[in-house]
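A.B. asks: quick one: sequence and predicted model below, then my questions.
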Amino acid sequence: MNAQEPSGEPQQEITTIPLRYEESPPQDEYGQVMIANGKGEIVVHIGRTH
């Protein structure tokens, strides 16, 4: 049996995970966060909530 790589573009899976972070008392207002998942890092730009 011969294995072959699939042709075409690789499929990407999108997973939505709600995240929340709070500091008490509040410190700085962050403009971006980095999420590390063991496979790499994702930088997310965030807006102000108030």
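C.D. replies: Ah, there it is. Numbers count the residues shown, from 1 in each chain.

A.B. asks: spatially central residue for this structure, please.
C.D. replies: Centroid check for the chain by Cα atoms, centre = their mean gives residue 42 as the closest residue, at 4.2 Å.

A.B. asks: please enumerate the helices of this structure.
C.D. replies: Under the criterion DSSP state H, the chain carries no helices.

A.B. asks: just for it, where's the confidence low?
C.D. replies: 1-6, 48-50 (pLDDT under 70).

A.B. asks: list the contacts of the closest residue to the residue nearest to the centre of the chain other than its chain neighbours.
C.D. replies: The shortest distance from residue 42 to any non-neighbouring residue, by Cβ to Cβ, 6 or more residues apart in numbering, is to residue 35 (4.8 Å). Every residue, glycine included, has its C-beta placed from N, CA and C. Shown in contact with residue 35 (Cβ atoms under 8 Å, 6 or more residues apart in numbering): 19, 41-42, 44.

A.B. asks: do you know how far residue 35 is from residue 19?
C.D. replies: Plainly put, residue 35 is 7 Å away from residue 19 if you go by Cβ to Cβ, to the nearest Å.

A.B. asks: any figure for the gap between residue 36 and residue 25?
C.D. replies: Separation of residue 36 from residue 25 (Cβ to Cβ): 26 Å.

A.B. asks: between those two, point out the one with more neighbours.
C.D. replies: residue 36 (8 against 4; other Cβ atoms under 10 Å).

A.B. asks: on that earlier part again, closest one of the contacts of residue 35 to residue 10?
C.D. replies: Nearest to residue 10, judged by Cβ to Cβ, of these is residue 42 at 17.6 Å.

A.B. asks: if I read this right, that closest one contacts residue 32, doesn't it?
C.D. replies: No - in this structure, residue 42 is not within contact of residue 32 by Cβ atoms under 8 Å, at 10.4 Å.

A.B. asks: thank you, goodbye.
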